[in-house]
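Enquirer: with the input below, show me the fold.
(one chain, ligands or ions: 1)
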Amino acid sequence: MLKLIKGADVYAPEYLGQKDVLIADGRIMAIETEINVAAIYKDCVVIKAEGMKLVPGFVDSLVHITGGGGEGGFHTRTPEMSLTDASLNGITTMVGVLGTDATTRSLPNLLAKSRALTYEGISCYCHTGSYQVPVTTITGSVQDDIILIPDFIGVGEIAIADHRSSNPSVSEIAKIASQARVGGMLSGKKGIVSIHMGDSTDYLSLLKAVVDETDIPITQFYPTHINRNRGLLDAAKSWLDDGGLIDLTTSTTEMDLANGEPRCSEALAELLEEGKNIDQITFSSDGHASLPTFDSEGNLSGLKVGSEASLFAEIRAAVLDYNVPLEMAIKVATSSPASVLGLHSKGRIKVSADADMVLLDEDLNIQTVLAKGQVLVKDGRAIVKGTFE
Ligand code: ZN
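Expert: Predicted coordinates:
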């Protein structure tokens, strides 16, 4: 079936002007100033979008789709996500990962949940591996998992600089990265290595050592939670200058912010003001993660759940509170993560790309969400729900 979005201001993410966008068979077929196909094809569904902004569907590169955490005991394992946790927040592509717990949570379960979300309407991928090294896999090797399992596009999140990590060595991280890189090369994927950054003041020194001591390019690594404290954000500036990628985590708690965690939107504005390249910077929600807080003796003192809603909330805040232009702000959750992850049909409004798009009203509220050409959200309400919602 054809769908025609009429008269929206299109951000591809770069601003294209007021355009009509024609969708056929789940893909973008044409982007023109005026398309009148509805007169010929009477079944064409027309979505009137004058005065609205059309942006690519958001790509969330780190989500605990099967839940995460459990740092306070079994009852603190966070729940699985549902389709509308993504769709209502404009997220049409996500990457599922395990978290701190790769004992009671498994890669087969992650893979099954990812396929369920893809069946229900969005596009979901996964990383093989785990927080701890040696990493868990399905086939016995990171390289084979990435080559043989279509859904697996990289490895991680592997924890470093964190008291919950396995304290991996330079050579352990180098070996995993080599396997991910070769696995990616042989299967036409990026084989990205997602790295969970903890609170230790080692910051990025382990990754810098791997890059210095091996031929693995810096762009193989994708460290996340870079805004978790001021020291790490500052340390990441030279990593950016060296050509490295960074991911900022939008989920947070008021306590973390009060304790000095830089807010994502504010951190983005700061990095852009300092002339950093926005193509190296992404946001992810860390949705359904546990957000534990620890007291000065390392004891768990509180636990919250990461929210997918935070992803667009921080983009919106970057625009409205920190004056980052919309076409720049949306890059961090559209074209940039799609490029980092090697998802070429995602994160852009262009002919032949997947028809994953979000319509925003003039106050930048999400009104309509299309994924693979299907309307999942209309007038801010989910019209398609997950199987058990
Ligand atoms: Zn993490």
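
Enquirer: T84: what's its closest spatial neighbour, skipping adjacent residues?
Expert: Of all residues not flanking T84 in the chain, A382 sits nearest, at 4.5 Å (Cβ to Cβ, 6 or more residues apart in numbering). Placement of C-beta: from N, CA and C, glycine included.

Enquirer: let me see the contact set for the one you found.
Expert: Taking Cβ atoms under 8 Å, 6 or more residues apart in numbering as the contact definition, A382 lies against L83, T84, S87, L88, L376, E389.

Enquirer: so what's the fourth one up against?
Expert: Under the criterion of Cβ under 8 Å, 6+ apart, the contact list for L88 reads A309, I366, V369, V377, G380, A382.

Enquirer: tell me the one of those residues nearest the ion?
Expert: A309 (18.2 Å; Cβ to the ion).

Enquirer: and the closest one, how many neighbours?
Expert: A309 is surrounded by 18 other residues when neighbours are defined as other Cβ atoms under 10 Å.

Enquirer: per-residue confidence at it?
Expert: pLDDT, the model's per-residue confidence, is 97 for A309.

Enquirer: how about C44?
Expert: Each residue has a pLDDT score; the one for C44 is 93.

Enquirer: show me what contacts it?
Expert: Contacts for C44 were tallied using Cβ under 8 Å, 6+ apart; they are M1, L2, K3, L4, V37, A38.

Enquirer: kindly report the same for N323.
Expert: N323 is in contact with A269, counting by Cβ under 8 Å, 6+ apart.

Enquirer: so it: helix, strand or coil?
Expert: coil (DSSP: H, G, I helix; E, B strand; the rest coil).

Enquirer: check contacts around whatever residue of the chain ends up closest to the ion.
Expert: In the chain, no residue comes nearer to the ion than H196, which is 3.5 Å away by Cβ to the ion. When contacts are counted by Cβ under 8 Å, 6+ apart, H196 is found next to Y131, G156, E157, I158, A159, I160, D162, S165, T224, H225.

Enquirer: ok, and the closest non-adjacent residue to the fourth one?
Expert: Residue nearest to I158 in three dimensions, not counting chain neighbours: I195, with 5.7 Å by Cβ to Cβ, 6+ apart.

Enquirer: from what I can see that neighbour touches E157, true?
Expert: Yes. In this structure I195 lies within contact range of E157 using Cβ atoms under 8 Å: 6.5 Å.

Enquirer: those two: who's more crowded?
Expert: Neighbour comparison, I195 and E157: the larger count goes to E157, with 31 against 27 (by other Cβ under 10 Å).

Enquirer: grab the nearest non-local neighbour of that one.
Expert: Once flanking residues are discounted, E157 sits nearest to H196: 4.0 Å by Cβ to Cβ, 6+ apart.

Enquirer: how much space between the residue nearest to T84 and T92?
Expert: Spatial separation of A382 from T92 under the definition Cβ to Cβ, to the nearest Å is 13 Å.

Enquirer: give me the common contacts of these two.
Expert: Contact criterion Cβ under 8 Å, 6+ apart; residues shared by A382 and T92: L376.

Enquirer: quickly list what the residue nearest to S290 when sequence neighbours are not counted is bridged to.
Expert: For S290, the nearest residue in space outside its immediate sequence neighbours is G69; the separation is 2.3 Å by Cβ to Cβ, 6+ apart. In this structure, G69 has the following beta-bridge partners (DSSP bridges): R77.

Enquirer: what's the burial count for G69?
Expert: By other Cβ under 10 Å, 22 other residues sit near G69.

Enquirer: quick one: end-to-end distance for stretch 275-290.
Expert: 33 Å (Cα to Cα, to the nearest Å).

Enquirer: now do that stretch: distance to the chain's middle.
Expert: Averaged C-alpha coordinates place stretch 275-290 at 7 Å from its chain's average position (Cα atoms, centre = their mean, to the nearest Å).

Enquirer: then stretch 238-251?
Expert: In this view, stretch 238-251 has its centroid 14 Å away from the chain centroid, taken as Cα atoms, centre = their mean.

Enquirer: any part of that stretch near the ion?
Expert: No. Stretch 238-251 does not reach the ion (Cβ under 5 Å from the ion); its nearest approach is 7.6 Å.
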